[in-house]
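Student: Provided below are the primary sequence and the corresponding predicted coordinates.
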Amino acid sequence: MKVWKLVSGILCMVFFAIVVLQSCAVGVVNSIDENTADTSAAGGILLAVLMLAGGIVSVVTRKGGRGGSIATLVIFLIAALMGFANKGTYGDLVIWAGWCAICAVMSLVGVVVSGKKTKSNDPSNEPSTDEAA
């Protein structure tokens, strides 16, 4: 999971720049077309910010326990839901929301895996050896 967190975090930081540029371009096109009802440009920028935050948290907490995986799960889940909900003239937003959903699923796997490791390493689960008896 450490490698996945590092690679996905770096990719999210790179994708942040692409999504922001695309969102700004969609915002300009919406302004030229006087399309005030479309919110996909703002949704794309918010998704990009959440993707950047999730990527940073993923890289920083790659060696940690469950807390980092839970944080990235929540951040990427919110980003994915926001991306799917704000799809409009910005068709690529679904692709970026899909990437965030993949990252959320992998974070969920990280939560489950780290939970199993914690249970197997917990000394209270081991049978006690009573030397006094």
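Tutor: Received it, and whenever you're ready, just let me know what you need.
Student: Regarding the spatially most central residue of the chain, what is its secondary structure?
Tutor: By Cα atoms, centre = their mean, the chain has its centre lying nearest to Phe76, at 2.7 Å. Classification of Phe76 into helix, strand or coil gives helix, according to DSSP: H, G, I helix; E, B strand; the rest coil.
Student: Report the spatially nearest residue to it, omitting neighbours in sequence.
Tutor: Ala104 (3.9 Å; Cβ to Cβ, 6 or more residues apart in numbering). C-betas here are computed from N, CA, C, even on glycine.
Student: The residue nearest to the centre of the chain reaches Gly98, doesn't it?
Tutor: No: taking contacts as Cβ atoms under 8 Å, Phe76 lies outside contact range of Gly98: 11.1 Å.
Student: OK, contacts around Thr89?
Tutor: Listed by Cβ atoms under 8 Å, 6 or more residues apart in numbering, the contact set of Thr89 reads 26, 29-30, 35, 38, 40.
Student: which stretches of this structure form helices?
Tutor: Under the criterion DSSP state H, helices of the chain are mapped to 2-32, 40-60, 66-85, 93-121.
Student: Just the C-alphas of the shortest one, formatted as CSV.
Tutor: What follows is helix 66-85 as a C-alpha-only set of coordinates in CSV (Å, rounded to 0.1, in the frame of the first residue of the first chain):
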residue,chain,number,x,y,z
ARG,A,66,-5.5,3.8,9.5
GLY,A,67,-5.9,7.5,10.1
GLY,A,68,-4.3,8.6,6.9
SER,A,69,-6.2,6.0,4.9
ILE,A,70,-9.5,7.2,6.4
ALA,A,71,-8.6,10.8,5.7
THR,A,72,-7.8,10.1,2.1
LEU,A,73,-10.9,8.0,1.7
VAL,A,74,-13.1,10.9,2.9
ILE,A,75,-11.3,13.5,0.7
PHE,A,76,-11.4,11.4,-2.4
LEU,A,77,-15.0,10.3,-1.9
ILE,A,78,-16.1,13.9,-1.5
ALA,A,79,-14.1,14.8,-4.7
ALA,A,80,-15.6,12.0,-6.7
LEU,A,81,-19.2,12.8,-5.6
MET,A,82,-18.6,16.5,-6.4
GLY,A,83,-17.2,15.6,-9.8
PHE,A,84,-20.0,13.3,-10.8
ALA,A,85,-22.7,15.7,-9.6
